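Visitor: Here is my input, please return the structure:
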Amino acid sequence: MIPVPQTAPAPTPWNKGQLIGQKPPLKLREIWAIRIRLQLKKDARELAMFNLAIDSKLRSCDLVKLKVRNVHHGNGIARGAMILQQKTQQPVQFEITEQTRDALKSWIGHKQLCQEDYLFPSRITPSTHISTRQYARIVHKWIEMIGLETVLYGTHSLRRTKATLIYRRTKNLRAVQILLGHTKLESTVRYLGIEVDDALEMAEQTEV
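Guide: Next comes the predicted model:
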């Protein structure tokens, strides 16, 4: 008999058991649920990180690399900042709201950070910033803290949150494109998933 060649077992996909696709943004009540819990815990670092993640709409790779000088000018926290995005090499500007300024001021003062220090230094190696993997773990902890399914959410949920709220309030795609630092409007449309959202919204408002 001719021997039948043995075939190697197919490798297990890296994403087996994981949901793939756009991570949903947080709702307003979910933002406040996380924020209040961090305030009650008196966790200055994570409150500053969460508020800034929502305000800045930055990718995790850009957020973790922020330095104190990016948000602190002169004797206080700036009302806005501009950085060069790692992925696109395009500048993006964002507003820093009052509650985020307060949280950043508290964190910088508590940690006694200097202008050239990373805003969120690693607890293992203080001369470096936290990694994107560490940041992702923190985000999942926030999601779990308010009873949401962690597999459904990720760091991009925070990036999408304020942009989605702004779009739903203004319907101004061009403004959201600028805020996210997208070079193409089509990227913003896909990123927000607004075609589906708008269709569902119109369907809900239509009586049949």
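Visitor: burial count for I36?
Guide: Using other CB atoms under 10 Å, I36 has 12 neighbouring residues. Placement of C-beta: from N, CA and C, glycine included.
Visitor: right, I mislabeled it, should have said G147
Guide: The burial count for G147: 8, using other CB under 10 Å.
Visitor: residues touching it, list them.
Guide: Residues near G147 by CB atoms under 8 Å, 6 or more residues apart in numbering: none.
Visitor: Can you give me the distance of it to L40?
Guide: 16 Å (CB to CB, to the nearest Å).
Visitor: Next: L66.
Guide: Taking CB to CB, one finds L66 at 25 Å from L40.
Visitor: Just give me the longest helix of this structure.
Guide: Ranked by number of residues, the top helix in the chain under DSSP state H is helix 155-170.
Visitor: and after it, which helix or strand comes next?
Guide: helix 173-180 (DSSP states H and E).
Visitor: chain center to that next one, what's the gap?
Guide: Relative to the chain's own centre, helix 173-180 is displaced by 16 Å; criterion: CA atoms, centre = their mean, to the nearest Å.
Visitor: Kindly spell out which helices and strands sit in contact with that helix.
Guide: Packing contacts for helix 173-180, counted by 3 or more CB pairs under 8 Å, 6 or more residues apart in numbering; DSSP states H and E, involve strand 91-95, helix 155-170, helix 185-192.
Visitor: residue contacts, A103?
Guide: Contacts of A103 by CB under 8 Å, 6+ apart are 44, 47-48, 51-52.
Visitor: Quick one: the strands in the protein, in order.
Guide: 72-73, 76-77, 80-84, 91-95 (DSSP state E).
Visitor: okay if I get those as a markdown table plus mean pLDDT and mean neighbour count?
Guide: Output for the strands of the chain, formatted as a markdown table (pLDDT from 0 to 100; neighbours: other CB atoms under 10 Å):
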| stretch | mean pLDDT | mean neighbour count |
| --- | --- | --- |
| strand 72-73 | 91 | 16 |
| strand 76-77 | 94 | 16 |
| strand 80-84 | 91 | 15 |
| strand 91-95 | 88 | 15 |
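Visitor: Save these as TSV, and put in distance to T164 too.
Guide: Output for the strands of the chain, formatted as TSV (distance: least, CB to CB, whole Å):
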stretch	distance to T164
strand 72-73	28
strand 76-77	25
strand 80-84	20
strand 91-95	15
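Visitor: ok so, going back, of L66 and L40, who's got more company?
Guide: L66 (19 against 8).
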